[in-house]
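1. sequence first, then the predicted structure, then my questions.
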Amino acid sequence: MGASAATASAAVPGWQLVTASSPASSSTNKVTIANCPSGKQPLGAGGSISGGVGQVGISMLETGPTPPSGWLLSYEDQDGFSGSWS
């Protein structure tokens, strides 16, 4: 599972892409947080899941001001998934 918080776009001075990843495992739920560098604020967030074969989904994707970050909450469906995903 990965999360990213973009602090601006390529057309905006000071733009920086910040990323974070979770380790691959078979955890039922995961939270991944990408913290912005000092002085930066998130303008948006995105995420993706590797593995999970249709049994893992993103339940929440948000940005927040304190600390400035983007975060992603993902989960396995009601049947679960025995393999590793991130």
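-> Ah, there it is. Numbers count the residues shown, from 1 in each chain.
2. pLDDT weak spots in this structure?
-> Applying pLDDT under 70 to the chain picks out residues 1-11.
3. from the centre of it, point out the most distant residue.
-> The centre of the chain is farthest from one residue, residue 13, which by CA atoms, centre = their mean lies 23.8 Å away.
4. report the secondary structure state of it.
-> Taken by DSSP: H, G, I helix; E, B strand; the rest coil, the conformation at residue 13 corresponds to coil.
5. who's in contact with it?
-> Neighbouring residues of residue 13 by CB atoms under 8 Å, 6 or more residues apart in numbering: there are none. In short, each C-beta sits where N, CA and C put it, glycine included.
6. ok, then the element right after the host helix or strand of residue 47?
-> Using DSSP states H and E, residue 47 sits in strand 44-48. Downstream of strand 44-48, the next assigned helix or strand under DSSP H and E is strand 56-65.
7. and the helix or strand just after that next one, what does it pack onto?
-> Per DSSP H and E, strand 56-65 leads on to strand 68-76 as the next helix or strand towards the C-terminus. Of the remaining helices and strands, those touching strand 68-76 by 3 or more CB pairs under 8 Å, 6 or more residues apart in numbering; DSSP states H and E are strand 2-6, strand 29-35, strand 44-48, strand 56-65.
8. redo those strands as JSON lines? Include distance to residue 75 and mean neighbour count.
-> Shown next, in JSON lines, are the helices and strands packed on strand 68-76 (distance: least, CB to CB, whole Å; neighbours: other CB atoms under 10 Å):
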{"stretch": "strand 2-6", "distance to residue 75": "14", "mean neighbour count": "23"}
{"stretch": "strand 29-35", "distance to residue 75": "5", "mean neighbour count": "16"}
{"stretch": "strand 44-48", "distance to residue 75": "13", "mean neighbour count": "16"}
{"stretch": "strand 56-65", "distance to residue 75": "5", "mean neighbour count": "14"}
